[in-house]
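# I'll drop the sequence and a predicted model, then ask my questions.
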Amino acid sequence: MAAPLNWGRRYVMVRPDHFRVDYRINPFMDLDQQPDPALSRAQWDALVSAIELAGGAVEVVEQRSDAPDMVYAMNLGFVVERPEGPLVSSSAGHVVMSHMRYAERRMETSSAATWFAGRGFTTSHVGRAGVGAHLEAGDAFAWGDGLVVGYGPRTDELGLKALAAELGVRVRGLRITHPGMYHLDLAFCPLDDRRAIVCPAAFDEESAAALLALVPEPLVITEEEALTTFAANSIVVGRTVLMPGAPDRIRDQLEAWGFTVQLVDVSQFHLGGGSIRCLTNPIDVRLGRDVPMRPGGEVVLP
Ligand SMILES: NC(=[NH2+])NCCC[C@H](N)C(=O)O
């Protein structure tokens, strides 16, 4: 029997007050295709409502005017609630702040760190003052006996080690090779403790096989499904899967597993190369119950 995920009800999101496409750091971004501010805001509001309707809650962070990609809140940092590892524990939890690959996004994390600290989270940084390993939280998920973390386009292999050490957990690294699926959350979406959406085309052969071996019942999607519908960039709130798009085949499988599929149009945000998961950062991820914690952690590569 599959058990529901023990996280995914509380999210941080960044209201799109300054959402633009100012530069091109992924294949979706095109400076000639600018989002419409009113429509972006309406789609974002509808996503917040859909999360709340499904039983979730959203906390809102202000967007910096100089950080047009800050709306993709998933990348601000990897948040764990009540860590029990080598970290100083705090009531709210701990955030390993991202160290973004591209300078265009690096200012986002300092504002986000201030916000998290103000809410009672402890924060730490992988890499120091603009040097050191890159880590982007859109590459990291709690899964199984630790984390699965994509590396390659954004997160460095060295970043896996830093994250494992910060949290004292096992990190299973997956090498992403597809330029269009530059974060793990574009190719992988945990649904419950046995099932996940997986797009093997994002990875090299060993990593694709390793990920499929970690998921007892994968919902395998094609490269085309991942890139055109952003189907893997979905979130699960209770038994509701909030999806930007769902080909019939994917919807049928999710419904057969007992999920309710709720489509939410966030197409304005596809112009920046992100969708529902990218816009939402779960702050209720719990490690330490089923996950063995150890000082220094451990990295496992395929
Ligand atoms: N979690 C995600 N996949 N976020 C998408 C981020 C999009 C953003 N324009 C970037 O390239 O960084």
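Great, that's in hand. Numbers count the residues shown, from 1 in each chain.
# where's residue 220 relative to the ligand, distance?
Distance of residue 220 to the ligand, computed by CB to the nearest ligand atom, to the nearest Å: 20 Å. From N, CA and C alone the C-beta is placed, and that goes for glycine too.
# go on, residue 113?
Using CB to the nearest ligand atom, which is the criterion applied here, residue 113 is 18 Å from the ligand.
# backbone phi and psi for that residue, please?
Main-chain dihedrals, residue 113, degrees, to the nearest 10: phi -60, psi -40.
# cool, and residue 116?
phi -60, psi -40.
# so who does residue 149 touch?
Contact criterion CB atoms under 8 Å, 6 or more residues apart in numbering gives 139-141, 155, 159-160, 163, 171-174, 184 as the residues in contact with residue 149.
# mind listing the strands for the stretch 1-150 of the chain?
Counting by DSSP state E, counting those that start in this stretch, the segments of the stretch 1-150 of the chain that form strands are 10-14, 57-61, 77-80, 93-97, 121-125, 140-143, 146-151.
# So which bits of the chain are right by the ligand?
Counting by CB under 6 Å from any ligand atom, the residues of the chain close to the ligand are 25-26, 29, 69, 72, 74-75, 105, 138, 183, 185-186, 272-274, 278.
# Now flag whichever of the residues you listed is closest to residue 10.
For these, the minimum distance to residue 10 (CB to CB) is 13.8 Å, reached by residue 74.
# To what extent is the closest one buried, counted in neighbours?
Each residue near residue 74 was counted by other CB atoms under 10 Å, and the total is 29.
# So it sits against residue 283, correct?
No. With contact defined as CB atoms under 8 Å, residue 74 and residue 283 do not form a contacting pair (11.2 Å).
# related to what we said a few turns ago, pick the most buried one from the strands of the stretch 1-150 of the chain.
Neighbour counts averaged per stretch over those are highest for strand 77-80, at a mean of 28; criterion: mean count of other CB atoms under 10 Å.
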